[in-house]
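Participant: just coords:
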DNA sequence: TGCACGATGAAC
DNA sequence: TTCATCGTGCAC
């Protein structure tokens, strides 16, 4: 496994979203290494994207999104689940990619289809907010050899309030993979 | 200091 | 379609 470096995340957000599909999310804690293959993501393009949290501007909550690329932006949703994003592009751009579903590879229990369940299975919580993904305990990696992936594009989930931004095809998932959260 | 509302998931 | 459950952002 080869850990993705800063330069991977410091690129166009849609490109990063596409390229994250098929990569491996790895979290090491308490001597246990949990691994999931990323199969579904959503791109959030910055303050002008009304569906993105950064559209609210720089706040205590969104400051990680406004920071440098390659860091984890993790927040609590509906008071009971966590969602994990990867910050993309240069500092201040405030864009990110939400990880929506993973295929269980190692040491994962329970469902992993959906951003909340993904975090629960991977033991990801607010303590990892702002974590540098170049760390040795929480990062994303690829195998030595990777093959081409068929990608499906759909509107993002749960962002109907965002007007025209709700219709844009910024949700991506691996075609025919059985671990995506929704068709 | 109060309050409406989620980038959700599960039950009914 | 409803609800559990609480942090965040904004109004007052």
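Facilitator: Nice, I can see it. Source: prediction; values computed, not measured. Numbering: from 1, shown residues only, chains lettered A, B, ... in the order given.
Participant: only C-alpha atoms for contact and neighbour calcs from this point on.
Facilitator: Fine.
Participant: you'd agree residue A:103 is up against residue A:112?
Facilitator: Yes: if you go by CA atoms under 8 Å, residue A:103 and residue A:112 touch, sitting 6.8 Å apart.
Participant: Name the residues contacting each of these two.
Facilitator: residue A:179 (CA atoms under 8 Å, 6 or more residues apart in numbering).
Participant: need the contact list for the closest residue to DNA strand C within chain A.
Facilitator: As assessed by CA to the nearest atom of the strand, DNA strand C sits closest to residue A:79 within chain A, at 3.2 Å. For residue A:79, no residue meets the contact criterion (CA under 8 Å, 6+ apart).
Participant: Could you tell me what pLDDT the model assigned to it?
Facilitator: According to the prediction, residue A:79 has pLDDT 97.
Participant: what about it, distance to residue A:116?
Facilitator: To residue A:116, residue A:79 is 11 Å away according to CA to CA, to the nearest Å.
Participant: Touching, residue A:21 and residue A:36? I think so.
Facilitator: No: in this structure, residue A:21 is not within contact of residue A:36 by CA under 8 Å, at 11.1 Å.
Participant: Just want the phi and psi numbers for the residue of chain A closest to DNA strand C.
Facilitator: When read as degrees, to the nearest 10, the backbone of residue A:79 gives phi 70, psi 10.
Participant: Phi, psi for the residue nearest to the spatial centre of chain A please.
Facilitator: Nearest to the geometric centre of chain A sits residue A:99, at 2.9 Å (CA atoms, centre = their mean). Reported as degrees, to the nearest 10, the phi and psi values for residue A:99 are phi -90, psi 120.
Participant: What of residue A:175?
Facilitator: Per-residue torsions, residue A:175: phi -60, psi 130 (degrees, to the nearest 10).
Participant: quick one: contacts for it?
Facilitator: Counting by CA under 8 Å, 6+ apart, residue A:175 has contacts A:149-152.
Participant: Residue A:7: which element?
Facilitator: Element membership for residue A:7, per DSSP states H and E: helix A:6-9.
Participant: List of residues touching that helix?
Facilitator: Here helix A:6-9 makes contact (CA under 8 Å, 6+ apart) with A:16, A:69-70, A:86-89, A:134.
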